[in-house]
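J.: sequence isn't available, so here's the structure alone:
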């Protein structure tokens, strides 16, 4: 085992803002998480991962979150949509089949056109080419429920990979890639921490950490990661950072509300000071 992994989880447009706030605050404290050997992005985290590896100054990325809604489309996850997610996974332990049921719901949902949503995703990314560094973007096949991990060698455009990872089922349209339709990587896990297996230092920024039924909680995946390395007689150091009370208040109840980006970003930056020591203990070799 060797190297460091940065795992960036899902959490809507406010999750993007909060993560960038935390990253900017930690960088100010001398902790450069962008120096990771691999960056793993799920949903909102895929946006941040693509931005972070774009070569754009982190302070500029943070500042952009303070400017208002921009090109974002306001949205909300309705109670009916959330109930459909729950029912899709209810009564069974087969996570893939549950994800496929969520996928069928997503395919049938009335949403904005795929092309319109793609323009929003493209506007979020400073560059549209994959970085030379190792970047992994997660998604789920809407028809089969299979987990997909896109990388530079996958033949998939970065915009489409990020768009697929951010395709919240029932809210945004599934993304078409090579004739297949893909939905949010968060349908499998809020952060997909298990992709960091093999790295000795793992930092997880997770705007949301929950799970239900066959969908594991972030804490469960971290525990499994630690247990797996113990079997190999190796050691892994991990830390999970999620929104504190102040950040949760700043984010509000609707994580898809672009009007909450600025307060979420500021709260993330403020929270960075409180978690800097714990993160540095894991990150600095």
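T.: Happy to help now that I have it. Just so it is clear, the model here is predicted, and its values are computed rather than measured.
J.: stretch 87-106 spans what distance, first to last residue?
T.: Across stretch 87-106, the terminal residues are separated by 14 Å (Cα to Cα, to the nearest Å).
J.: check which residues of that stretch are buried.
T.: Residues of stretch 87-106 classed as buried: 88, 89, 95, 98, 99, 100, 101, 102, 103, 104, 105, 106 (neighbour count, 16 or more other Cβ atoms under 10 Å). C-beta here means a position set from N, CA and C on the backbone, and glycine is covered the same way.
J.: of all these, which comes closest to residue 182?
T.: Comparing these against residue 182 with Cβ to Cβ places residue 103 closest, at 8.7 Å.
J.: please state the offset of the helix or strand containing the closest one from the chain centre?
T.: According to DSSP states H and E, residue 103 maps onto helix 95-108. Taking Cα atoms, centre = their mean, to the nearest Å, one finds helix 95-108 lying 19 Å from the centre of the chain it belongs to.
J.: and after it, which helix or strand comes next?
T.: Following helix 95-108 toward the C-terminus (DSSP H and E): helix 114-124.
J.: how far away from the center of its chain is that following helix?
T.: 17 Å.
J.: roughly how far is whatever helix or strand comes next after that helix from the heart of the chain?
T.: Using DSSP H and E, the next helix or strand after helix 114-124 towards the C-terminus is strand 134-141. Computed by Cα atoms, centre = their mean, the separation of strand 134-141 from the middle of its chain amounts to 10 Å.
J.: so for strand 134-141, mean pLDDT?
T.: Strand 134-141 carries an average pLDDT of 98.
J.: also stretch 245-262?
T.: Mean predicted lDDT for stretch 245-262 stands at 96.
J.: can you give me the buried ones in stretch 151-159?
T.: 152, 156, 157, 158, 159.
J.: wait, the last one touches residue 118, no?
T.: The reference is to residue 159. Yes: Residue 159 is within contact range of residue 118, at 6.7 Å (criterion: Cβ atoms under 8 Å).
J.: strands along the stretch 151-285 of the chain, start to end?
T.: Taking DSSP state E, counting those that start in this stretch as the criterion, the stretch 151-285 of the chain contains strands spanning 175-177, 180-184, 201-205, 237-241.
J.: got these as CSV, with distance to residue 27, mean pLDDT and mean neighbour count columns?
T.: Below are these laid out as CSV (distance: least, Cβ to Cβ, whole Å; pLDDT from 0 to 100; neighbours: other Cβ atoms under 10 Å):
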stretch, distance to residue 27, mean pLDDT, mean neighbour count
strand 175-177, 31, 98, 20
strand 180-184, 28, 98, 25
strand 201-205, 13, 97, 26
strand 237-241, 14, 96, 19
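J.: and the lowest-mean-pLDDT helix or strand in the chain, what's buried?
T.: Of all helical and strand segments in the chain, the minimum by mean pLDDT, DSSP states H and E falls on helix 218-231, at a mean of 83. Going by neighbour count (16+ other Cβ under 10 Å), the buried part of helix 218-231 is 218, 219, 221, 222, 225, 229.
J.: any chance of the residues you listed in a markdown table, with distance to residue 139 too?
T.: As requested, those are arranged in a markdown table below (distance: Cβ to Cβ, whole Å):
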| residue | distance to residue 139 |
| --- | --- |
| 218 | 18 |
| 219 | 23 |
| 221 | 17 |
| 222 | 22 |
| 225 | 21 |
| 229 | 26 |
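J.: burial of residue 281, as a residue count?
T.: 11 (other Cβ atoms under 10 Å).
J.: do I have it right that it meets residue 203?
T.: No: if you go by Cβ under 8 Å, residue 281 and residue 203 don't touch, sitting 10.4 Å apart.
J.: overlap in contacts, those two.
T.: Overlap of the contact sets of residue 281 and residue 203 (by Cβ atoms under 8 Å, 6 or more residues apart in numbering) consists of residue 239.
J.: rewinding a little: need the buried residues of stretch 87-106 in JSON lines with distance to residue 145 and pLDDT, can you?
T.: Supplementary listing: the buried residues of stretch 87-106 in JSON lines, determined by distance: Cβ to Cβ, whole Å; pLDDT from 0 to 100:
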{"residue": "88", "distance to residue 145": "10", "pLDDT": "83"}
{"residue": "89", "distance to residue 145": "11", "pLDDT": "81"}
{"residue": "95", "distance to residue 145": "8", "pLDDT": "90"}
{"residue": "98", "distance to residue 145": "7", "pLDDT": "92"}
{"residue": "99", "distance to residue 145": "3", "pLDDT": "95"}
{"residue": "100", "distance to residue 145": "3", "pLDDT": "95"}
{"residue": "101", "distance to residue 145": "8", "pLDDT": "93"}
{"residue": "102", "distance to residue 145": "8", "pLDDT": "94"}
{"residue": "103", "distance to residue 145": "6", "pLDDT": "96"}
{"residue": "104", "distance to residue 145": "9", "pLDDT": "95"}
{"residue": "105", "distance to residue 145": "12", "pLDDT": "94"}
{"residue": "106", "distance to residue 145": "11", "pLDDT": "96"}
